[in-house]
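# Only the shape, not the letters, is given here:
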């Protein structure tokens, strides 16, 4: 998304309801000089890209977000990671940029994705290793 598309989508996400070009225009005009046709074009572009859906209301449209800002951010991160020639190094560098608060949020997210039944599951091991490191039996069952 470009800077203006992001500014428009920020409002659509924040308001979390169908919006008109006029509503977005009036809000944007508090920060910058912008024409109605520019906002209309941006919303049309966002519709063509699949970020908003629209429904006719008289001679105008009401636009509504197709997904959340979180889903958009996740798609950006996934695209960037997929383009890396070394995904593990990219993750290490990304994690290194995180604040402590962001690292805690990441840990919480991993726990949520894993779910309660998998959070205590043993890690996969190679053949012949003990599958349950806390047990008294070895790989041969004794």
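Okay, I see it. Keep in mind that what you see is a predicted model, and the values were worked out from it rather than measured. Numbers count the residues shown, from 1 in each chain.
# use CA for all of it now, contacts and neighbours both
OK.
# Show me where the protein dips below the pLDDT cut-off.
117-142 (pLDDT under 70).
# By residue count, tell me the biggest helix in it.
Longest helix of the chain, by residue count under DSSP state H: helix 100-118.
# Off-centre distance for that helix?
15 Å (C-alpha atoms, centre = their mean, to the nearest Å).
# again, but for stretch 46-64
22 Å.
# Stretch 80-97 now?
Centroid separation for stretch 80-97 versus its chain: 16 Å, with C-alpha atoms, centre = their mean.
# Stretch 33-46 too?
For stretch 33-46, the distance to the chain centre is 24 Å (C-alpha atoms, centre = their mean).
# got the buried residues for it?
Neighbour counts using 16 or more other C-alpha atoms under 10 Å place 39-40, 42-44, 46 of stretch 33-46 among the buried residues.
# Would you map the strands across the chain?
Here the chain has its strands, by DSSP state E, at 52-57, 60-65.
# Mean neighbour count for those - can I get that in JSON lines?
What follows is the strands of the chain, written out as JSON lines (neighbours: other C-alpha atoms under 10 Å):
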{"stretch": "strand 52-57", "mean neighbour count": "14"}
{"stretch": "strand 60-65", "mean neighbour count": "20"}
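# Would you reformat these as TSV and include distance to residue 33?
Converted to TSV, the strands of the chain look like this (distance: least, C-alpha to C-alpha, whole Å):
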stretch	distance to residue 33
strand 52-57	24
strand 60-65	22
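# Nearest to residue 21, out of those?
strand 60-65 (7.6 Å; C-alpha to C-alpha).
# The closest one vs strand 52-57, what angle?
With axes from the mean of the first three to the mean of the last three C-alpha atoms, to 10 degrees applied, the angle from strand 60-65 to strand 52-57 works out at 150 degrees.
# Mind jotting down where the helices sit in the protein?
Counting by DSSP H, one finds helices in the chain at the ranges 3-15, 21-28, 36-49, 69-82, 87-97, 100-118.
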